[in-house]
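Engineer: Provided below for reference: sequence and predicted model.
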Amino acid sequence: MKRLIAAIALGLAACGQGATPLAVSDTLYRPPLGMSGIGVAYFSVTSPIADRIVGVSSPQAEKVEAHTSVNEGGQASMKHLAEIDLPAGKPVIFAPNGMHLMVFSPKPLAPGATFPIQIDLQSGRSETIWFHPALVGQ
């Protein structure tokens, strides 16, 4: 009986049932300022395996896109990123003046609520990250 249970547990693990989630920290969501209609999200993410972010979305926004800040010839701009590599065990940082998530037409948040963004990975996994909104003045 113990061998049967061990075999079943091993089979489930082999099917990806025990997949280690992404390690996420420093989540911060900045709602749109004024009438811009565009918010931004920052975070740090570490994948236990080599993977790639291939999509981002939120049920609370019209759309979410990954961008990076670029400075070419003294001109600052943003570049859309269709995919982002996640090297195994190495943190990937989304921060001001670098990679970030642009959140288009987000729904207003209730006081104390968090903002969900789904990360779709090339491996087929999807994970929802819960972002804490920035306080006024942050």
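Structural biologist: Yep, that arrived. Numbers count the residues shown, from 1 in each chain.
Engineer: And the strands in the protein?
Structural biologist: In the chain, the strands defined using DSSP state E lie at 23-30, 38-46, 51-57, 63-72, 75-81, 84-86, 92-94, 99-104, 115-121, 126-131.
Engineer: Comparing those strands, which yields the minimum mean pLDDT?
Structural biologist: Among the strands of the chain, strand 75-81 carries the lowest mean pLDDT, a mean of 89.
Engineer: Note down every partner strand of that one and its orientation.
Structural biologist: Partner strands and pairing direction for strand 75-81 (DSSP bridges) are strand 63-72 (antiparallel).
Engineer: Mind putting the strands of the chain into JSON lines with mean neighbour count?
Structural biologist: Where C-beta positions appear, they are placed from N, C-alpha and C, glycine not excepted. Rendered in JSON lines, the data for those read as follows (neighbours: other CB atoms under 10 Å):
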{"stretch": "strand 23-30", "mean neighbour count": "16"}
{"stretch": "strand 38-46", "mean neighbour count": "20"}
{"stretch": "strand 51-57", "mean neighbour count": "18"}
{"stretch": "strand 63-72", "mean neighbour count": "14"}
{"stretch": "strand 75-81", "mean neighbour count": "10"}
{"stretch": "strand 84-86", "mean neighbour count": "17"}
{"stretch": "strand 92-94", "mean neighbour count": "17"}
{"stretch": "strand 99-104", "mean neighbour count": "20"}
{"stretch": "strand 115-121", "mean neighbour count": "19"}
{"stretch": "strand 126-131", "mean neighbour count": "16"}
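Engineer: quick one: contacts of stretch 89-104?
Structural biologist: Contact with stretch 89-104 is made by 29, 32, 37-48, 56, 58, 61-69, 78, 81, 84-86, 115, 117, as judged by CB atoms under 8 Å, 6 or more residues apart in numbering.
Engineer: now do stretch 114-123
Structural biologist: By CB under 8 Å, 6+ apart, the list of residues contacting stretch 114-123 from outside reads 22, 29, 39, 41, 45, 47, 49, 51-60, 64, 83, 86, 101, 103, 106, 109, 126-133.
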